[in-house]
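S.K.: All I have is the shape, not the residue letters:
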């Protein structure tokens, strides 16, 4: 998921879709040298918000720091365990008032819980820095679709990469497929590698046999993740 998020952000910064289009052999009219109208934006030196700073969010933060981001914010309920996060917020109010006006790139990897539903709503979008880029690789329930569409049309959100949705598969007539500022992927941000999954299971089984308190990746049924 970390590679997915950073990869799509870099692809947008470098305007790769436009370059792919200019190399399309099926459309000779698009095959032309163009170094004036394709505008790039920088990821290095930018300010990033990561929502959900567990194992996945921590890896996203590590990559952001490695890429030279100037400030990496993290949103969690209470924890502050990741050394790659420069500043934390712990409430929706803080996210709106402190974080939103400063963020160039938003990366959501939060799980689905009652408190994360519709986190990205009209209130949050209304406080965002104009021209933000949003990547949602967490859960579709985190985003209010109508509010996102309004933010896109107002260029509050310049570009959105969406991998997860309230309804999956996403209906073929959904507006996200047609919106020029939205890239839809099909819940493929993290495809399970069977070999890696087997190693994780074996390691956890060994831990469980030797010391149950050392088991990793525990599910908290009360919290929902």
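M.R.: Looks like it arrived, so ask away. Remember, it's a predicted structure, so these values are computed and weren't measured experimentally.
S.K.: and the worst-scoring helix or strand of the chain on mean pLDDT, how far out from the chain's middle?
M.R.: Every helix and strand of the chain was ranked by mean pLDDT, DSSP states H and E. The lowest is helix 16-22, at a mean of 86. Distance of helix 16-22 from its chain centroid, counting by Cα atoms, centre = their mean, to the nearest Å, is 22 Å.
S.K.: who's in contact with that helix?
M.R.: 11, 27, 30-32, 34, 38 (Cβ atoms under 8 Å, 6 or more residues apart in numbering). The C-beta positions use only the backbone N, C-alpha and C, and glycine is treated the same way.
S.K.: Kindly reformat those residues as a markdown table containing secondary structure.
M.R.: Output for the contacts of helix 16-22, formatted as a markdown table (DSSP: H, G, I helix; E, B strand; the rest coil):
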| residue | secondary structure |
| --- | --- |
| 11 | helix |
| 27 | coil |
| 30 | helix |
| 31 | coil |
| 32 | coil |
| 34 | coil |
| 38 | coil |
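S.K.: circling back: next secondary structure element downstream of the least confident helix or strand of the chain?
M.R.: Sequence order places strand 47-51 as the next helix or strand after helix 16-22, per DSSP states H and E.
S.K.: Please work out which residues outside that following strand touch it.
M.R.: Applying Cβ under 8 Å, 6+ apart, the external contacts of strand 47-51 come out as 57, 60-61, 64, 69-75, 85, 95, 99, 102-110, 119, 138, 142.
S.K.: Please enumerate the helices of this protein.
M.R.: Counting by DSSP state H, the chain has helices at residues 2-13, 16-22, 55-66, 92-94, 122-127, 145-153, 175-178, 194-210.
S.K.: give me the number of residues near the residue lying closest to residue 42 once chain neighbours are set aside?
M.R.: Closest residue to residue 42 apart from its sequence neighbours, by Cβ to Cβ, 6 or more residues apart in numbering: residue 13 at 6.5 Å. For residue 13, the count of nearby residues is 17 (other Cβ atoms under 10 Å).
S.K.: So residue 13 sits against residue 45, correct?
M.R.: No: using Cβ atoms under 8 Å, residue 13 is not in contact with residue 45; the gap is 11.3 Å.
S.K.: pLDDT weak spots in this protein?
M.R.: Across the chain, the ranges flagged by pLDDT under 70 are 37, 39.
S.K.: first to last residue in stretch 41-54, what's the distance?
M.R.: End-to-end distance for stretch 41-54: 28 Å, by Cα to Cα, to the nearest Å.
S.K.: All further residue positions should be reported with the first residue as 766.
M.R.: Will do, 766 is the new start, and the previous item becomes stretch 806-819.
S.K.: list the buried ones in it?
M.R.: For stretch 806-819, burial by neighbour count (16 or more other Cβ atoms under 10 Å) applies to 806, 808, 811-819.
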